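Asks: Below: sequence and its predicted model.
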Amino acid sequence: MFRTILVGVAAATVLTGQPAMAAPAPAKLKAEAAAKVEAQAKLAQQIVDTVFSFGELGYQEFETSRYLSDLLEKNGFTVTRGVSGMPTAWTATWTSGTGGPVIALGSDIDGIPKASQMPGVAYRKPMIEGAPGHGEGHNSGQAVNIVAALALKEIMTREKIPGTLMLWPGVAEELVGAKAWFVRDGVFKNVDATIFTHVGDNLQTGWGRPLGTGLVSVEYTFSGESAHSAMAPWRGKSALDAVELMNMGWNMRREHLRPLQRSHYVISDGGDQPNVVPSKASVWYFFREIDFENIAKNYALGNKIADAAAAMTDTTVSRRIVGTAAPRHFSRPIALAMQANIDKVGLPTWTPDEQTFAKAVQKLVGGDQDGLALKLKPLGAPTDPPVSGGSDDIGDISWTVPTVVLNYPSNIPNLPGHNWANAMSMATPIAHKGVVSGGKVVAMTVLDLLLDPKLLPAARTYFTTEQVKEGRYDPIIGAGDKPVIERNADIMATYRPLMKPLYYDAGKYPTYLDQLGVKFPELTPPKP
């Protein structure tokens, strides 16, 4: 998979038979890449603001995917749409020279339910009451990768640096509903390394096993018989009773599970109306654990309890995997290279207005009023003993190809996460500056992967000799499992017509805040 890269005078002589000028030193090219990203700050702002205005939920990111893939296509990338049977999934590739190493740049694109929020104001103000929004910040990561890729494309073309860039979106990440399917279907089979970008409140990376879990997301649907709830309840077989019994059974078992597990459920269908015995009812579970073995054990236990609930109610049960996420493990050699670039780039310089806004948002949600980060965090190292927490399906890719994640400072520290408050900064100068910082680090790290002849082999060696000591990839989905692409369609059908008039018009307004009439920072609601 790894290719030999010829750089500089010797390469030119071998390829052309003629002596050539020495290629610029990697450090000089990296500095140039960072400058080119800085020069793309306006484009970064437009991407961030545009995707924020779409506010789409998982599997329904149609406006977002169309906008991003069209932008890349116009800039010379070859786009493949409908990847893994997902209408909003795509890859965009561009190749320099003979191809060289394939470096994949990915980031998520979906929003959060009921997270609609006016940006740049430090008080609760939904743009559309009840609508989804970017309450995590997934509107920003593709901007990081695109401005980095455009800078790299120019340098690689001029310097004749062989390599392939592949950009791709994390579809339905909030449902962990895509990346395992991408892996299963071979999207990364020719990729040499993956850099994944995710919004954060600092500029940081890490290696090994971070805090957090893997998971399986599964929906159980019980089927029974309807009947009149008052006239002939004995003729009914209540699917809702089965759901409630399953939940009671699982809750009784929690005490006897490992403390590292995390599990949660919502009743996604509780029946139609009280006077009809529910013939159909569904409950949706996330089973989280630290390693493949214990994820599988908890999933099997959930299935056993579901079967028992069906037997007790004389109903039947079926199940469908909604998503999976492998426990994550990241490449130490690539993370070390990325950390060196983080140290060179540093955090953005925040203005007093930006700090005032951040502290006002922190106060609003009861968080520590520290403001925006002023000091870089050190390189993250494996957590030992393991620490439980959230999941991300980038884990599936991390067990397929050497992978690192870059967090970039476009959000505000000390917020709840998965919340409308996390949307407040995501179309403001805070988000725009964080994206530019992240783009510089990505571009510089890709150049390391292309120009340092030792880095990719070291990453592969770590992957094949060190990472496997923690386990081997054990995917939960099989060949017959299909992504749940209909999920969220009804919600978006309700809210999209209301949201569409608020889409960002970059040709008319300098920023989305200008379009919305927000005088950043707006700390208190206007008087009536």
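Replies: On my side now, so go ahead.
Asks: residue contacts, residue 138?
Replies: Residue 138 makes contact with 51, 107, 108, 109, 110, 111, 170, 173, 199 under the criterion Cβ atoms under 8 Å, 6 or more residues apart in numbering. The C-beta positions use only the backbone N, C-alpha and C, and glycine is treated the same way.
Asks: Which secondary structure state is assigned to residue 514?
Replies: Reducing the assignment at residue 514 to three states with DSSP: H, G, I helix; E, B strand; the rest coil gives helix.
Asks: pLDDT value on it, please?
Replies: If you check residue 514, the pLDDT there is 98.
Asks: again with residue 7
Replies: In this prediction residue 7 is given a pLDDT of 41.
Asks: what about stretch 376-391, average pLDDT?
Replies: Here the average pLDDT along stretch 376-391 is 93.
Asks: Buried residues, stretch 473-493. List them.
Replies: Taking 16 or more other Cβ atoms under 10 Å as the neighbour-count basis, stretch 473-493 is seen to contain the buried residues 473, 475, 476, 477, 481, 483, 484, 485, 487, 488, 491, 492.
Asks: Just the terminal-to-terminal distance for that stretch.
Replies: The first and final residues of stretch 473-493 sit 37 Å from each other (Cα to Cα, to the nearest Å).
Asks: Please state the offset of that stretch from the chain centre?
Replies: Using Cα atoms, centre = their mean, to the nearest Å, the mean C-alpha position of stretch 473-493 is found 16 Å from that of the whole chain.
Asks: Stretch 268-280 too?
Replies: Computed by Cα atoms, centre = their mean, the separation of stretch 268-280 from the middle of its chain amounts to 35 Å.
Asks: any idea how far residue 487 is from the residue sitting furthest away from the middle of the chain?
Replies: Residue farthest from the centre of the chain, counting by Cα atoms, centre = their mean, is residue 231 at 50.7 Å. For residue 231, the distance to residue 487 equals 36 Å [Cβ to Cβ, to the nearest Å].
Asks: quick one: the strands in the stretch 351-500 of the chain?
Replies: With strands called from DSSP state E, counting those that start in this stretch, the stretch 351-500 of the chain shows them at 403-409.
Asks: meant to ask about the chain, not that
Replies: Counting by DSSP state E, the chain has strands at residues 78-81, 90-96, 102-108, 163-170, 193-200, 214-223, 262-269, 280-289, 316-325, 403-409.
Asks: what would these look like in CSV with mean pLDDT and distance to residue 438?
Replies: Listed next are these as CSV, based on pLDDT from 0 to 100; distance: least, Cβ to Cβ, whole Å:
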stretch, mean pLDDT, distance to residue 438
strand 78-81, 98, 23
strand 90-96, 98, 18
strand 102-108, 98, 9
strand 163-170, 98, 14
strand 193-200, 98, 6
strand 214-223, 98, 25
strand 262-269, 97, 28
strand 280-289, 98, 27
strand 316-325, 97, 22
strand 403-409, 98, 3
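Asks: What about the buried residues of stretch 473-493, which are in helices?
Replies: When DSSP state H is applied, the buried residues of stretch 473-493 are split such that 491, 492 fall in helices.
Asks: how close does the residue farthest from the centre of the chain sit to residue 295?
Replies: Summarising the geometry, the distance separating residue 231 from residue 295, computed by Cβ to Cβ, is 46 Å.
Asks: Then residue 63?
Replies: As it turns out, when the distance is counted by Cβ to Cβ, residue 63 lies 34 Å from residue 295.
Asks: More neighbours: which of the two?
Replies: Each of residue 63 and residue 295 had its neighbours counted (other Cβ atoms under 10 Å), and the higher figure belongs to residue 295 (25 against 20).
Asks: The more buried one: what's it in contact with?
Replies: Contacts for residue 295 (Cβ under 8 Å, 6+ apart) come out as 213, 214, 215, 216, 287, 288, 289, 327, 476.
Asks: Would you mind confirming that the second one makes contact with residue 395?
Replies: Yes - in this structure residue 214 lies within contact range of residue 395 using Cβ atoms under 8 Å: 5.6 Å.
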